[in-house]
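Novice: could you work out the structure for the sequence below:
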Amino acid sequence: MPIKVQGDLPAKAIIEKENIFIMDETRAIQQEIRPLKIIILNLMPIKEETEIQLLRALSNTPLQVDISFLYMETHVSKNTPASHINKFYNTFSEIKDHKYDGMIITGAPIEQLKFEEVNYWDELVEIMEWSKKNVTSTFHICWGAQAGLYYHYGIQKERLDRKMFGIYKHRVLHRKVPLMRGFDDVFLAPHSRYTGIDEKAVRSNPNLQILAESDEAGIYIIIAEEGKQIFVTGHSEYDRVTLDHEYKRDKERGLDTLIPCNYYENDDSENVPRLTWRSGSNCLYSNWLNYYVYQVTPYLLEE
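Specialist: Coordinates of the predicted model:
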């Protein structure tokens, strides 16, 4: 997929080295098609890493995608240079009068806080409410999924006994739902979180359909409103070494974090991690873009 981003976005050069087709503004305007407009609300602390992961995940269909990035005005990022944010990110006040084909709300390492204690919660609520009328389909990731389920459907999150950390087996429950097309019966996906969702409340809500789940990691993919809202409780977009960096960071901080499950060969953190979830990730994002964005969104977004 040709992905359109600003020509000097640092993630562009990294993705191009992987032979993924990245298009800048100059070339994009020469193509007589309307690209899908995707806005990414990046809540992760090291924003450049998440940019690369999501651009990679969105790169596997022939559709042209115009990517924009959004950050919270009510929160000051401590791990990403202000110069990067000012150059490549928009605020909600700058984009709220626009419409988008799709939106991604990322995770954030704040799941142990109550939602209302998050310093940008009110702004996030405003964005999620705005998305109902201004975005064709919204894709929520990890804490973003917990926040979306809480705001839209009143589903609470629950603290886990230990950090859910590693690569877990998941099974497909509804193969005929387009989001799950091409998946194997059992597939792998990463998780990294201290909280889960109230699964009983999800199962009893007639507006929510569970598409995939894990015996160890619980409910994984939930769809609502025929795909207008999609919730993924893990991190299928993670690259090979993301959990490796998290594990070694936690150990340096003296945290009692167990070695990531099903990640290193022989559970030896000196070994290169095995990449075992990329095909499922490609399926998930390609299906979302095709069936819930491209096939549904109007040609004229203003309609």
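Novice: which residue is nearest the centroid of the protein?
Specialist: Of all residues in the chain, the one closest to the mean position by CA atoms, centre = their mean is residue 141, 3.9 Å from it.
Novice: list the contacts for that residue?
Specialist: With CB atoms under 8 Å, 6 or more residues apart in numbering as the criterion, the residues that contact residue 141 are 104, 105, 106, 107, 232, 235, 237. C-beta coordinates here come from the backbone N, C-alpha and C atoms, glycine included.
Novice: and it, what pLDDT?
Specialist: If you check residue 141, the pLDDT there is 98.
Novice: test of understanding: give the bridge partners of it.
Specialist: Listed by DSSP bridges, the beta-bridge partners for residue 141 are residue 232.
Novice: what ranges does the stretch 101-250 of the chain have for its strands?
Specialist: Ranges of strands in the stretch 101-250 of the chain, per DSSP state E, counting those that start in this stretch, are 135-141, 157-172, 186-197, 208-214, 218-224, 229-232.
Novice: so which elements touch the shortest one?
Specialist: Under the contact definition 3 or more CB pairs under 8 Å, 6 or more residues apart in numbering; DSSP states H and E, strand 229-232 sits against strand 135-141, helix 143-153, strand 218-224.
Novice: what angle sits between the longest one and strand 135-141?
Specialist: With axes from the mean of the first three to the mean of the last three CA atoms, to 10 degrees applied, the angle from helix 143-153 to strand 135-141 works out at 130 degrees.
Novice: what's the angle between helix 143-153 and strand 186-197?
Specialist: Angle of helix 143-153 versus strand 186-197, following the same axes, to 10 degrees, is 60 degrees.
Novice: off-centre distance for helix 143-153?
Specialist: Averaging C-alpha positions (CA atoms, centre = their mean, to the nearest Å) puts helix 143-153 13 Å from its chain's average.
Novice: who touches that helix?
Specialist: 41, 43, 105-111, 115, 124-125, 128, 138, 140, 155-157, 193, 195, 197, 202, 205, 207-208, 222, 224, 229, 231-233.
Novice: give me the buried entries from those.
Specialist: 41, 43, 105-108, 110-111, 115, 124, 128, 138, 140, 155, 157, 193, 195, 197, 202, 205, 208, 222, 224, 229, 231-233 (16 or more other CB atoms under 10 Å).
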